[in-house]
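> sequence and predicted structure below; questions after.
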Amino acid sequence: GNYALDALTSGDNNIGVGLNALTTNTTGSDNTAVGYDAMRLNTTGANNTAVGRDSISNNTTGARNTAVGMNSLNANTTATDNTAVGYNSQLLNTTGASNTAIGIYSLRQNTTGGNNVAVGQSALLNNTTASHNIAVGYNSAYNNTTGTRNISIGPYAYENSDTENDNLAIGYEAMHTDTA
């Protein structure tokens, strides 16, 4: 597409398909960007894969990230080792590293939290800075913002908790209203 890999100076083994894909990449190598504005602002980040409109579009130096789906990892700038699969998954992540989000809106609000796993639609959706959480299931740990080291498995499990730490919720609506 137009402007794909337009600024490339010395980066090797890059693929840019779509308007503005990898358009500001200068020395980053081994990147694949497919879609409108995919990895648009990447300059030196390497070993990234972006598939979908605006996926990893604000990344500059972040490396080893994988984003599949429109807006996945959109705000990522320097974070590394993230995986985001699904529309708006890890949408606001900027520097949070080593997160895995699979499902539409999973880890959508995360900005700096790291080492989180969210599987299922809207799992850990409101997590912002918390780390070391695992949420599996529809709306699992949905309202967690800063609570750390929590595990929630099941639809709506731990859904309304926001800042608590070190909890385990397993089953449909387990600890659903916990806000202590």
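That came through fine. In this text, all values refer to a predicted model and were calculated from it rather than measured experimentally.
> low-confidence ranges, the protein, go.
Low-confidence segments of the chain, defined by pLDDT under 70: 178-180.
> can you pull out the strands in it?
Along the chain, counting by DSSP state E, strands occupy 15-17, 32-34, 49-51, 66-68, 83-85, 100-102, 117-119, 134-136, 151-153, 168-170.
> give me the buried stretch members for the first one, please.
Burial within strand 15-17, assessed by neighbour count using 16 or more other CB atoms under 10 Å, is assigned to G16, V17. The way it works is simple: take the backbone N, C-alpha and C, and place the C-beta from them, glycine included.
> ditto for the last one
If you call a residue buried by 16+ other CB under 10 Å, then strand 168-170 has these buried ones: A169.
> residues in contact with that strand?
Applying CB atoms under 8 Å, 6 or more residues apart in numbering, the contact partners of strand 168-170 are N150, I151, S152, I153, G154, A157, Y158, M175, D178.
> name the nearest residue to the most centrally placed residue in the chain, sequence neighbours excluded.
By CA atoms, centre = their mean, the mean C-alpha position of the chain lies nearest to Q90, the distance being 2.9 Å. Among residues not flanking Q90 along the chain, A84 sits closest, at 4.0 Å (CB to CB, 6 or more residues apart in numbering).
> burial of the one you found, as a residue count?
By other CB atoms under 10 Å, 34 other residues sit near A84.
> which residues does it contact?
Applying CB under 8 Å, 6+ apart to A84 gives the contacts 55, 65-69, 72-73, 90, 93, 99, 101, 106-107.
> between these, which is nearest T23?
S55 (13.9 Å; CB to CB).
> distance of the nearest residue to that closest one once chain neighbours are set aside from N93?
Closest residue to S55 apart from its sequence neighbours, by CB to CB, 6+ apart: A67 at 4.1 Å. A67 sits at a distance of 10 Å from N93 (criterion: CB to CB, to the nearest Å).
> ok so, going back, and the buried ones among the contacts of strand 168-170, selectable in PyMOL?
The following PyMOL line selects those of the contacts of strand 168-170 that are buried, judged by 16+ other CB under 10 Å:
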select buried, resi 150+151+152+153+154+157+158+175+178
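> save the contacts of strand 168-170 as JSON lines, and put in distance to N31 too.
Formatted as JSON lines, the contacts of strand 168-170 follow (distance: CB to CB, whole Å):
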{"residue": "N150", "distance to N31": "34"}
{"residue": "I151", "distance to N31": "34"}
{"residue": "S152", "distance to N31": "34"}
{"residue": "I153", "distance to N31": "35"}
{"residue": "G154", "distance to N31": "37"}
{"residue": "A157", "distance to N31": "37"}
{"residue": "Y158", "distance to N31": "36"}
{"residue": "M175", "distance to N31": "41"}
{"residue": "D178", "distance to N31": "42"}
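> what's the farthest-apart pair in the contacts of strand 168-170?
I153 and D178 (14.6 Å).
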